[in-house]
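Asks: no sequence for this one, just the structure:
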C-alpha cells in the first residue's frame, strides 16, 4: 500500500466519501495480484534491489509500481512528461519510498502478531459497497477502473491491516465529537452543499488553434512553411471547422432525430460518442465556462439553437436535465463529516508512524540496497534552468 500517497489522497479528498476515496486509491495502487508473491519474496524471478529489515523488494515489484504511478500521473497520455528526466527521477524516488513503506507495514504487522481474517476483508468490502451506493455501482466502478475481484480483495486486506496497526498502536482516535464536526461544517459549508448540476449531451467539432498548428506543421515536414503561411493555413482550417459545425447545427435543428446519429458517428469527443454524445451530470467546476454558460440557459429537451464555442472548439448542445443547488444541513452531514475527519486523522497519523519507523531503520542501517542505483539518497536532484531544460544532475 502506498502509504504516503494514501495520506495525501485523504488530505486532498476531505469532501469525498470514504468509499470514493477508497476507490480512487484502488484505481492507482494495484501493486500485486493475489496470484503473485508480494513484498518479502522474489516476484516471479525478479532480482532483489533492496532489503528492508530482512524483507526483500524486487525489481518486478518496482517496475509494476513505477508503471502504475506513471499512468496515474498521466504519463501514458503525455509523451513529453515521460521523457522529462526530472519527472523520471521524481517518480523513481516516490516508487522506492512507497515500496519501503509497504515493507515496513508488513514487518511491523508480523512482529505485533497482527493477522487479517476473511471476516476483516468482508467488513472492509461492505463499507466500500455501502459508501459507493450498492452492489451495482460497486461492480461498475471495478469494471471501469479495470480492477479484478482478487485485486480488490488484496487491497481490502491491506486496508484492514492498516486499521489493525492503527488500533494496536493507538495512533489515532476512532470517533470525533459533534463539536469537531460542527467546526468543520462551519468552515466548509459552501463545499458541503450540492451545487447546481446539468445533464447534457453534445456534438463536438474540435478547433483548438495550438493542435491545428501542430497538425499542419506535421503534415508539411518536407515543405518550407514560412510563419506567415503557417498562420494563414491555421486561419483557413479554423474557419473550415466552424463552417462544418454550423452545417451540423443546421442539420440537427431541421431534423432533431438526427442528433444521436451525428453524436455517435461525427463527434470529436470520442468518449461521449460511445453514448450518443451523453456526458452525464456535470457541475460548473467540471465544465468549460462557455459550455456551462450556454447549458445554464438552454431549454430542457431541445437542441440549443446556437453554436457554442469553448476552449475545445464548437459544440452542439442538448440539455436533458437540470438539478437545482441544495444548501447543506449539519444534522444531515454530521455522520459523514465525522467519518471523513476520522479517516483523515488516521491517514495522517499512520503516515507519521511510517516515517518514524523508516528513520529508525535507516539509522540502524537496516535498509540496504543490493542495487545502488535505487538508493533514493543518491538519486540525482534534477534542477530546472530558466529555459525549462534540466541542468546537470547533482547528488542529493
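Replies: Cool, got the structure. If you're wondering where the values come from, they're calculated on a predicted model, not measured in any experiment.
Asks: Secondary structure element holding residue 68?
Replies: helix 59-72 (DSSP states H and E).
Asks: In terms of secondary structure, what does that helix contact?
Replies: helix 18-28, strand 48-52, helix 85-112 (3 or more C-beta pairs under 8 Å, 6 or more residues apart in numbering; DSSP states H and E). For the C-beta atoms, the positions are set from N, CA and C on the backbone; glycine is no exception.
Asks: Dump these into JSON lines; add distance to residue 255 as well.
Replies: Below are the helices and strands packed on helix 59-72 laid out as JSON lines (distance: least, C-beta to C-beta, whole Å):
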{"stretch": "helix 18-28", "distance to residue 255": "41"}
{"stretch": "strand 48-52", "distance to residue 255": "63"}
{"stretch": "helix 85-112", "distance to residue 255": "49"}
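Asks: if we compare these, which one ends up closest to residue 184?
Replies: Proximity to residue 184, assessed across the helices and strands packed on helix 59-72 by C-beta to C-beta, is greatest for helix 18-28 (15.1 Å).
Asks: still on that earlier bit, contacts for the helix or strand that comes right after the helix holding residue 68?
Replies: Once the chain leaves helix 59-72, the next helix or strand it forms, by DSSP H and E, is helix 79-83. Identification of contacts with helix 79-83 by C-beta atoms under 8 Å, 6 or more residues apart in numbering yields 70, 73, 74, 75, 76, 87, 88.
Asks: Can I get the buried part of the residues you listed as one PyMOL selection?
Replies: Burial among the contacts of helix 79-83 is assessed by 16 or more other C-beta atoms under 10 Å; the matching PyMOL selection reads:
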select buried, resi 70+73+75+87+88
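Asks: Tell me the confidence at the nearest residue to residue 289 once chain neighbours are set aside?
Replies: Counting by C-beta to C-beta, 6 or more residues apart in numbering, residue 310 is the residue found nearest to residue 289 once chain neighbours are left out, at 7.6 Å. Per-residue pLDDT puts residue 310 at 94.
Asks: next one: residue 18
Replies: Residue 18 is given a pLDDT of 33.
Asks: Next: residue 292.
Replies: So residue 292 comes in at 96 (pLDDT).
Asks: Just say helix, strand or coil for it.
Replies: helix (DSSP: H, G, I helix; E, B strand; the rest coil).
Asks: residues near it, how many?
Replies: Other residues near residue 292 number 19, with proximity taken as other C-beta atoms under 10 Å.
Asks: Chain neighbours aside, what residue packs nearest to it?
Replies: That would be residue 284: by C-beta to C-beta, 6+ apart, it lies 5.1 Å from residue 292.
Asks: remind me, longest helix of the protein?
Replies: helix 330-363 (DSSP state H).
Asks: Go ahead and measure how far that one is from the middle of the chain.
Replies: 20 Å (C-alpha atoms, centre = their mean, to the nearest Å).
Asks: tell me which residues in that helix are buried?
Replies: Buried, per 16+ other C-beta under 10 Å, within helix 330-363: 333, 336-347, 349-351, 353-355, 357-358, 361.
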